[in-house]
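Enquirer: Sequence first, then the predicted structure, then my questions.
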Amino acid sequence: MTDNKFNNNGRTRVRTKKYKKWSRRDTSVLFERLELYLTSGLAIDEALRLCRDGVTDQHKKAVDVLKGYVESGSSLSSGLVKYIGLSQTLSGIISHGETTGSLATAISLTRNSLEKQDELINRCISSMVYPCVIGGFCIIFIIGLVRGVMPQIVPMLQGLHTKLPLLSRVMIVCSNLVARYGMYGGIIIGLLGIALVVLYQRNICFKSFIQNVFT
């Protein structure tokens, strides 16, 4: 879908509507049906028309536009990038299949790659549940120790009028800081975490840096 507008020189400027990126699951379902229809001998435009009935209502418009895009003579691989948000790497596989006449096989390989990505992500999430739970309990324990126990012990230690060990002095300073600025520190840490997540998702250089550090 395009909207035509005129610039200062009177020339027509075409603005292409942006479509929301599909999830890996929705893309896998589309590719599974598309592979089935192409293997059955259907043409790509007819296969896309039938695939429209197997997607969610919010994706039907994208499939319709993709079908018209392919019927106009454009490649399926570039249309998948524009209208469902397929990555350039996976679209390259489909582009190779279009060139060599093995489109159904290329779509099958792409679908398998998406399913493996989903499986890997699910495994990573499952493996992170236990350490996250333990870490959460540790944070709650430390906060309870600093906010509940330390304020009762600090006056007693300070009443000894002796030079305390370095570790004890550090704990007293941390307890005082948490008691005074704990809420602000929690807000700052939360905002910093959100900013890092957004930056990781949107900045390719930062994402590559983090992956190189943890791999």
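Expert: Nice, I can see it. Numbering: from 1, shown residues only.

Enquirer: for the residue of the chain most remote from its centre, helix, strand, or coil?
Expert: Here the centre of the chain is the reference, and by Cα atoms, centre = their mean the most remote residue is residue 161, at 55.5 Å. At residue 161 the chain is in coil, as set by DSSP: H, G, I helix; E, B strand; the rest coil.

Enquirer: What about it? Give its phi and psi, please.
Expert: Per-residue torsions, residue 161: phi 60, psi 40 (degrees, to the nearest 10).

Enquirer: Then residue 84?
Expert: phi -130, psi 0.

Enquirer: all numbers from here: first residue = 15
Expert: OK, 15 is where the count begins now, so the last one is residue 98.

Enquirer: Residue 117: how many residues sit nearby?
Expert: 22 (other Cβ atoms under 10 Å). Just so you know, the C-beta spots here come from the backbone N, C-alpha and C atoms, and that holds for glycine as well.

Enquirer: Skipping its backbone neighbours, what lies nearest it in space?
Expert: Ranked by Cβ to Cβ, 6 or more residues apart in numbering and with sequence neighbours excluded, the top spatial neighbour of residue 117 is residue 111, at 4.3 Å.

Enquirer: follow-up on the earlier one: ok, now how distant is the residue farthest from the centre of the chain from residue 220?
Expert: From residue 175 over to residue 220 the distance is 51 Å, taken as Cβ to Cβ, to the nearest Å.

Enquirer: Next: residue 39.
Expert: In this view, residue 39 and residue 220 are 26 Å apart by Cβ to Cβ.

Enquirer: Quick check: which ranges of the protein have low pLDDT?
Expert: For the chain, applying pLDDT under 70 flags the ranges 15-33, 225, 227-229.

Enquirer: if you set the cut-off to 50 instead, what comes out?
Expert: Applying pLDDT under 50 to the chain flags residues 15-30.

Enquirer: I'd like to know which elements the helix ranked longest in the chain is packed against.
Expert: If you go by DSSP state H, the chain has its longest helix at helix 117-158. If you count contacts as 3 or more Cβ pairs under 8 Å, 6 or more residues apart in numbering; DSSP states H and E, helix 117-158 packs onto helix 38-53, helix 102-114.

Enquirer: Out of those helices, which is closest to residue 122?
Expert: Counting by Cβ to Cβ, residue 122 lies closest to helix 38-53 out of the helices and strands packed on helix 117-158; the figure is 5.2 Å.

Enquirer: mind exporting that closest one as PDB, just the C-alpha atoms?
Expert: Taking Å, rounded to 0.1, in the frame of the first residue of the first chain, the C-alpha atoms of helix 38-53 are listed here in PDB:
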ATOM      1  CA  ARG A  38       9.000 -16.400  14.300                       C
ATOM      2  CA  ARG A  39       6.000 -18.600  15.100                       C
ATOM      3  CA  ASP A  40       3.700 -16.800  12.700                       C
ATOM      4  CA  THR A  41       6.300 -16.800  10.000                       C
ATOM      5  CA  SER A  42       6.900 -20.500  10.400                       C
ATOM      6  CA  VAL A  43       3.200 -21.200  10.000                       C
ATOM      7  CA  LEU A  44       3.100 -19.200   6.800                       C
ATOM      8  CA  PHE A  45       6.200 -20.900   5.400                       C
ATOM      9  CA  GLU A  46       4.800 -24.400   6.400                       C
ATOM     10  CA  ARG A  47       1.600 -23.700   4.400                       C
ATOM     11  CA  LEU A  48       3.500 -22.000   1.500                       C
ATOM     12  CA  GLU A  49       5.900 -25.000   1.300                       C
ATOM     13  CA  LEU A  50       2.900 -27.400   1.200                       C
ATOM     14  CA  TYR A  51       1.200 -25.500  -1.700                       C
ATOM     15  CA  LEU A  52       4.300 -25.100  -3.700                       C
ATOM     16  CA  THR A  53       5.200 -28.700  -3.400                       C
END
